[in-house]
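Chemist: My questions concern the predicted model and sequence given below.
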Amino acid sequence: MTSALLQAENISAQRSGRVVLESCSLSVEPGERIAIYGPNGAGKSTMLQTLAGLLPIASGLISFRGKAVGREMSLLEFHRRTAAVFQEPLLLRGTVRHNVELGLKLRGVVAPERAARIQPWLDHLHIAHLSDRPITALSGGEAQRTSLARALVLDPEVFFLDEPFAALDAPTRSRLADELADILDERQIATLFVTHDIDEAAALCDHCVVLDAGRVLQQDNMATVLARPTSRRVAEIIGMSNVFEARVVDAGPGGTWLQWGDHRIRTVARARVGECVAFLIRQEQIRLQAAGAEAINRIRGRVCDNRRRGRTRSISVCVGNLHRIKVPADLSDCTRPGEEITVFFPADALWIFPDRSENLGGSPAVS
C-alpha cells in the first residue's frame, strides 16, 4: 500500500483537441515539496492545474490518500483538502480581512472561529496592519501575501503554487519566498510549486520535475537534477553550459578517458570504449589557474569573453576552434580577452549523460 498523499498515474490532458500533457506520473509524500520546472510552454501550469483538479484529465488517474479523485472521492471533497495560489492574486472586492476569511466563510465556519484562525496568518505574513485596507489599495506583494494567507488559513494538506512570485520585484520576491519556505518547513505542508527560476526552485523544494513539451524528462531530488541531468535537453533547460561531445578511448578502474578534440580528459563516470557521448563539465568546479597533481584535466585555452553579470563576472575560454568553456569568476578577476590561460577541473566535475538517445546529433558545443 502506497504512503503517497497525492498520486498521479499516467495522466494526460488536452486543450482544443491537442495533447498538452502526456502520460505524466507523480507521487507526493506528506510534507514533500516538489518543483515543476521547465521552459515557457512546457505544460507546467497545465500539469499543476490538472493535479489540483482544476482541469479535466483525458486519461489516467489521480488519487488522494489512496482514493481515486472523481470516483471514490468527490472533486469537492478533494478541493476542500487542498488550496492553490496563482501568479495573479485572485482577490475579490472588499478588505484584506474579508478576502482572507472568505474560504472559511464558504465552508460554514462561524465568525468567532474565523477571527481566531485568520489572525495568526495575518501576523505570519505581515499583513495584520492591512486587515481593514481595501484590496484596490494594495501593492503587488501585499496582494500576494493576502492570497497566500487566504489559502493557508484553510490548513490544506496539499498546496498548489503556480509561479506566485513571478509578477513581483526582485527584493519582494526574495523576501516572500524566504518567508514561505519557513512556513512550509514549520507546517510540513506538501507543496507543488511551478516556477521558471531554477534557483527559486532549489531554495523552496526538495524534489524537481523537469517538464518539456508536456512530457516529464526527469524527476528526482533537487541535488541530483542539478548535478546529474539525465540528458542534454535537461541540462539546457536548467541552464547548464559546458555541454560537449567526445569519444570514449579507455575505461578501467581508474576512470573513463575521453578524446575531446586534441585533448584527453578523464571522468569518474562510466561509458563503453568506442562510444560517442555527450558530457557536461560542471562550471562551479572549473578553475582558471594551474593546480597540483590532483588536477588531472588541464586544458590550455584563450580568454574569449569576460563580462560583468551583476555581482559576478562571466568568463569564457576558447579551446581550439570549436569549444567554449564557461568558468566561474568574481569581480576581482582581471583576466582579459585574448589572454592565454590554463583551465583545470577534477575527474568528478565531468558527467556523462546516461540517456544516449537524446544527447547526440546536435551542435558540438552549447555555449
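Modeler: Arrived safely, thanks for sending.

Chemist: Domain boundaries for the chain, per the record?
Modeler: According to automatic domain parsing, the chain comprises the domains 6-231, 235-366.

Chemist: among these, which gets the worst mean confidence?
Modeler: Mean pLDDT across the domains of the chain is lowest at domain 235-366; the value there is a mean of 82.

Chemist: chain center to it: distance?
Modeler: 24 Å (C-alpha atoms, centre = their mean, to the nearest Å).

Chemist: same check, this time on stretch 199-216
Modeler: The chain centre lies 3 Å from the centre of stretch 199-216; the measure is C-alpha atoms, centre = their mean.

Chemist: returning to that earlier point: next, format the domains of the chain as CSV and append mean neighbour count.
Modeler: The C-beta positions use only the backbone N, C-alpha and C, and glycine is treated the same way. Formatted as CSV, these follow (neighbours: other C-beta atoms under 10 Å):
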stretch, mean neighbour count
domain 6-231, 18
domain 235-366, 16
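
Chemist: Have a look at the chain and report its longest helix.
Modeler: Assignment by DSSP state H gives helix 170-187 as the longest helix of the chain.

Chemist: ok, the residue of the chain most remote from its centre - contacts?
Modeler: Distance from the C-alpha centroid of the chain peaks at Pro112, with 40.2 Å (C-alpha atoms, centre = their mean). By C-beta atoms under 8 Å, 6 or more residues apart in numbering, no residues touch Pro112.

Chemist: so it is in which element?
Modeler: helix 111-124 (DSSP states H and E).

Chemist: try Val19
Modeler: strand 18-28.

Chemist: do Ala149 as well
Modeler: Using DSSP H and E, Ala149 falls within helix 140-152.

Chemist: Quick one: name whatever helix or strand follows that helix.
Modeler: Tracing the chain past helix 140-152, the next element assigned as helix or strand by DSSP H and E is strand 158-162.

Chemist: does Leu192 have beta-bridge partners, and which?
Modeler: Ile34, Phe160 (DSSP bridges).

Chemist: if we can go back for a sec, where does the helix holding Pro112 sit relative to the chain's centre, distance-wise?
Modeler: Taking C-alpha atoms, centre = their mean, the mean C-alpha location of helix 111-124 is offset from the chain mean by 32 Å.

Chemist: Note down every partner strand of the longest strand anywhere in the chain and its orientation.
Modeler: The residue-count maximum for a strand in the chain (DSSP state E) belongs to strand 297-309. Neighbouring strands of strand 297-309 in its sheet, by DSSP bridges, are strand 312-319 (antiparallel), strand 340-345 (antiparallel).
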